[in-house]
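*Asks:* quick one: sequence plus predicted model below, questions after.
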Amino acid sequence: MKKFLLVLMVLLFGVLAVGCGDTDDEANADLRVALALTGAINDGGWNQGAYEALVMTEEQFDAEIAYNENTLPAQYLQVIRSYAKDGYNVIIANGAQFTDAVNEVAAEYPDARFLITSSDRNSQFGNGTNVAGVLADGVEQGFLQGVTAALMAENLGVNKIAAVLGAEIPAFKTIVEGFEVGAKYITPNIEVVSAFSGTNEDPNKLKEIAISFIDQGAGIVMSYANQASRGGYEAAQQRGKLAIGASSSPELFAAYEQTLSGSATARLTLAIADVVGLIAEGEFDGGNYIYGIEEGVVAFVFNDNEPEVQKVKAEVEKIIADVKDGTIDINALYEMSK
C-alpha cells in the first residue's frame with residue numbers, strides 16, 4: 001500500500017503531486033465525481049463516511065461532485081447510468097448492492113471509472129479495466145469490535161455477547177465473522193450470538209432482536225446497520241447494558257454516553273481519496289483495493305465518558321499495535337476459524 005501512504009501524505013499536507021509536469025488544475029480540471037448512496041448523508045455511519053469522502057475529492061482534487069441519497073434498489077441502474085450519461089468520469093456506488101447495475105453501465109461507458117465500496121474482502125468487484133472495489137476490511141473491523149467486547153465482558157463477569165446487524169449482505173456477514181474471531185481470540189469459550197434484522201433503516205427491528213439477546217444473557221451488544229444501529233444502542237440503554245457500534249459519530253457518543261462504549265471505524269474517506277488519486281495519476285488498474293488497520297483506514301474509537309471501555313483501552317490499543325507490526329495476523333486467525 002505504498003501508494004496509499006503517498007496519497008495520505010498528500011491529504012495531510014494539502015498538496016497533490018501529479019506526474020508528467022502537470023499542475024493540479026491541469027490534471028484534475030475535468031474530474032467529475034458522483035456518488036450513489038443507499039441511505040442519508042448524515043446517517044452517522046457508512047453513507048456519511050462515503051459522503052465525506054466525496055467532499056474530500058472536491059477539496060483535494062478540485063473535482064465537480066454530485067450525489068444521490070436514499071437510492072432504492074429499483075433506482076440503482078437508472079441513477080448509475082444517468083451519472084455516466086451526464087459525463088461523470090468517476091462514479092462511486094456505496095455498497096455491493098450496486099454491483100449488477102455498475103457492471104452493466106461500466107460496459108456501456110468504458111472511459112468512465114466505477115468504484116464499488118464494501119467491507120466484504122471475499123468479493124471481487126474489479127473487472128481489470130474500469131471497475132474496482134474499494135474495501136475497508138470488514139474482518140478487521142469486526143475483530144476490533146469482538147476483542148473489545150470480550151475484554152469488557154471478562155471484566156464484567158459475563159460470558160455471552162451479541163452481534164445484531166441489518167441487511168443480510170456479504171459485507172455484514174464478513175464483519176460478524178470477524179467479531180467472533182476477535183472475541184474468541186480473547187476468550188476462546190465465550191458464547192457469541194448473532195442475527196440480522198433485514199433492514200438498515202428500521203432501528204426498532206434491530207432493537208427487538210438486541211433486547212431478546214440481552215434477556216437471554218448477553219452482556220454486550222454490537223450493532224452494525226448504518227442508521228438502524230441506534231436500535232442496538234437503545235436496547236442496551238433500556239436494559240442497562242453496554243453497546244459497541246460501527247462508524248459512530250461524536251453525536252451518538254454524546255447521545256448514548258453511558259451505553260455506547262466504542263466504535264469500529266472504517267475511514268472510507270481515506271480509501272476512496274486514495275483510489276481517486278490513482279485515477280487522477282493514471283494508475284488505476286480496475287482491481288480490488290483493500291484497506292485495513294495497517295493503512296489506518298480501520299480503527300477503533302473509544303467513548304471517553306464510558307468507564308468500562310476505559311478499563312480495556314490500553315489492551316485494545318496494544319492489540320492494534322501488534323496487528324500493525326505483524327505480531328497478530330488477523331487473516332490467519334480468520335482462515336483458521338472457517
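*Replies:* Yep, it's here.
*Asks:* angles on the backbone of Asp325, please.
*Replies:* Reported as degrees, to the nearest 10, the phi and psi values for Asp325 are phi -90, psi 0.
*Asks:* equivalent analysis for Gly87, please.
*Replies:* phi 90, psi 10.
*Asks:* low-confidence regions, this structure specifically.
*Replies:* The chain contains residues with pLDDT under 70 at 1-29, 248.
*Asks:* ok, which stretches of it are strands?
*Replies:* 32-36, 64-68, 90-93, 113-118, 131-136, 160-165, 191-196, 220-224, 242-246, 260-266, 288-291, 298-302 (DSSP state E).
*Asks:* now those in JSON lines, with mean neighbour count and distance to Tyr334?
*Replies:* C-beta coordinates here come from the backbone N, C-alpha and C atoms, glycine included. Conversion of these to JSON lines gives the following (neighbours: other Cβ atoms under 10 Å; distance: least, Cβ to Cβ, whole Å):
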{"stretch": "strand 32-36", "mean neighbour count": "24", "distance to Tyr334": "30"}
{"stretch": "strand 64-68", "mean neighbour count": "18", "distance to Tyr334": "33"}
{"stretch": "strand 90-93", "mean neighbour count": "28", "distance to Tyr334": "26"}
{"stretch": "strand 113-118", "mean neighbour count": "26", "distance to Tyr334": "17"}
{"stretch": "strand 131-136", "mean neighbour count": "25", "distance to Tyr334": "14"}
{"stretch": "strand 160-165", "mean neighbour count": "28", "distance to Tyr334": "15"}
{"stretch": "strand 191-196", "mean neighbour count": "18", "distance to Tyr334": "14"}
{"stretch": "strand 220-224", "mean neighbour count": "31", "distance to Tyr334": "17"}
{"stretch": "strand 242-246", "mean neighbour count": "29", "distance to Tyr334": "18"}
{"stretch": "strand 260-266", "mean neighbour count": "27", "distance to Tyr334": "15"}
{"stretch": "strand 288-291", "mean neighbour count": "20", "distance to Tyr334": "13"}
{"stretch": "strand 298-302", "mean neighbour count": "20", "distance to Tyr334": "13"}
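*Asks:* as TSV, the ones you listed with distance to Met336 would be great.
*Replies:* Output for those, formatted as TSV (distance: least, Cβ to Cβ, whole Å):
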stretch	distance to Met336
strand 32-36	37
strand 64-68	40
strand 90-93	33
strand 113-118	24
strand 131-136	21
strand 160-165	20
strand 191-196	16
strand 220-224	21
strand 242-246	23
strand 260-266	21
strand 288-291	19
strand 298-302	20
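*Asks:* which among these is found nearest to Phe179?
*Replies:* Nearest to Phe179 among those is strand 160-165; the distance by Cβ to Cβ comes to 5.0 Å.
*Asks:* for the spatially closest residue to Val323 that is not a sequence neighbour, phi and psi?
*Replies:* Residue nearest to Val323 in three dimensions, not counting chain neighbours: Ile293, with 4.9 Å by Cβ to Cβ, 6 or more residues apart in numbering. Main-chain dihedrals, Ile293, degrees, to the nearest 10: phi -60, psi -40.
*Asks:* ok, Ile293 - contacts?
*Replies:* Asp137, Glu140, Leu144, Ala299, Ile320, Val323, Lys324, Ile330 (Cβ atoms under 8 Å, 6 or more residues apart in numbering).
*Asks:* weed out the non-buried ones from these.
*Replies:* Neighbour counting by 16 or more other Cβ atoms under 10 Å classes Asp137, Glu140, Leu144, Ala299, Ile320, Val323, Ile330 among those as buried.
*Asks:* doesn't Val181 make contact with the last one?
*Replies:* Spelled out, that is Ile330. Yes - assessed by Cβ atoms under 8 Å, Ile330 is found in contact with Val181 at 7.4 Å.
*Asks:* I'd say Phe201 and Gly39 touch.
*Replies:* One thing to correct before we go on: residue 201 is Glu, not Phe. Yes - in this structure, Glu201 is within contact of Gly39 by Cβ under 8 Å, at 7.1 Å.
*Asks:* tell me which of these two has more neighbours.
*Replies:* Counted by other Cβ atoms under 10 Å, Glu201 and Gly39 do not tie: Gly39 has more neighbours, with 23 against 18.
*Asks:* measure the spatially closest residue to the more buried one that is not a sequence neighbour to Ala266 for me?
*Replies:* Leaving aside its sequence neighbours, Gly39 sits nearest to Asn47 (Cβ to Cβ, 6+ apart; 4.0 Å). In this view, Asn47 and Ala266 are 12 Å apart by Cβ to Cβ, to the nearest Å.
*Asks:* report the beta-bridge partners for the spatially most central residue of the chain.
*Replies:* The centroid of the chain falls nearest to Ala266 when counting by Cα atoms, centre = their mean (3.9 Å). Counting by DSSP bridges, Ala266 is bridged to Val298.
*Asks:* contacting residues for it?
*Replies:* For Ala266, the contacting residues are Trp46, Gly49, Ser119, Ala136, Gln141, Ala246, Ser247, Val297, Val298, by Cβ under 8 Å, 6+ apart.
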